[in-house]
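Participant: Here is a sequence together with a model predicted from it:
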Amino acid sequence: MIKVLIMDDEPLATELVSEYLADFPQFEIQKVCHDGFEGLKAIQEHKPDLIFLDIQMPKLTGFELLELLDNPPAVIFTTAFDAFALKAFDAHAVDYLLKPFSKARFAKSLEKFLQMGNNQESINAFKNESVLNPESANRVVLKVKNEIKIIPINEIKYLEANDDYVNIYTKEGKFLKNKTLSFYEKSLDTSLFVRVHRSYLVNISEITKIEPYEKEGYMLKLRGGENIPVSKSGFPKLKLVLGI
């Protein structure tokens, strides 16, 4: 049997997927979930082979949920937002189903899943290349031990490159996220965050001073006393954002 979870905050949507799956006996529904936290717990408990996942859900979006999984299952998106599923995830998820979808279109998604054989590389590619959507652009969701930590973007002081990861600094301390600094440079509001160095992306509201440092270099002083180097290429970007 192929273990399946259905995740959508709309009861009619979950009922439709359940109804369609009834004609495919090799797929067994383990649980139906209506928010992101419930879905995350169900994945950890049931270890499904496939999930039908909505994008906009309460508590955690579908994107955020997948980011929290070390070994995510195969995913078929069921969404009303074609801009997200079609443009950003077609290459990484098994398939996307744009609501309202027919039974014939649903069957094609299952066929694609079976042909892919639960291609884990595609799922991991999604995990590493996903982009922020308007809701999650206001926060970062990550795991801290066995807990889920939600950090509002405006509470981030600066971000530091750490190979394929990034260190996120807030007043509470340092947190590690499985994303690159380039990802956040492209995703965060450029009027609020500026990449001043190849290793640093800074919240401009945290800057208190810009001081000369060695030859033609500069050093930023932040509210918490941190010193952040500014590269030659980063200084023009900083001046532009600050209007100086």
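Facilitator: Cool, got the structure.

Participant: hang on, Pro236 in a helix?
Facilitator: Yes: counting by DSSP: H, G, I helix; E, B strand; the rest coil, Pro236 is located in a helix.

Participant: chain center to stretch 222-233, what's the gap?
Facilitator: 27 Å (CA atoms, centre = their mean, to the nearest Å).

Participant: and what of stretch 216-225?
Facilitator: Distance, centroid of stretch 216-225 to centroid of chain: 30 Å (CA atoms, centre = their mean).

Participant: try stretch 24-39
Facilitator: That offset, for stretch 24-39, works out to 21 Å (CA atoms, centre = their mean).

Participant: Give me the helices and strands touching the longest helix seen in the chain, please.
Facilitator: Within the chain, and with DSSP state H defining each element, the longest helix by residue count is helix 103-116. Helices and strands touching helix 103-116, by 3 or more CB pairs under 8 Å, 6 or more residues apart in numbering; DSSP states H and E, are helix 11-21, strand 74-79, strand 95-98. For the C-beta atoms, the positions are set from N, CA and C on the backbone; glycine is no exception.

Participant: Specify the angle between the first one and helix 103-116 in degrees.
Facilitator: Think helix 11-21. Between helix 11-21 and helix 103-116, the angle comes out at 60 degrees (axes from the mean of the first three to the mean of the last three CA atoms, to 10 degrees).

Participant: next one: the second one
Facilitator: Angle of strand 74-79 versus helix 103-116, following the same axes, to 10 degrees, is 160 degrees.

Participant: OK, contacts around Ile204?
Facilitator: Counting by CB atoms under 8 Å, 6 or more residues apart in numbering, Ile204 touches Leu192, Phe193, Val194, Leu238, Val241, Leu242.
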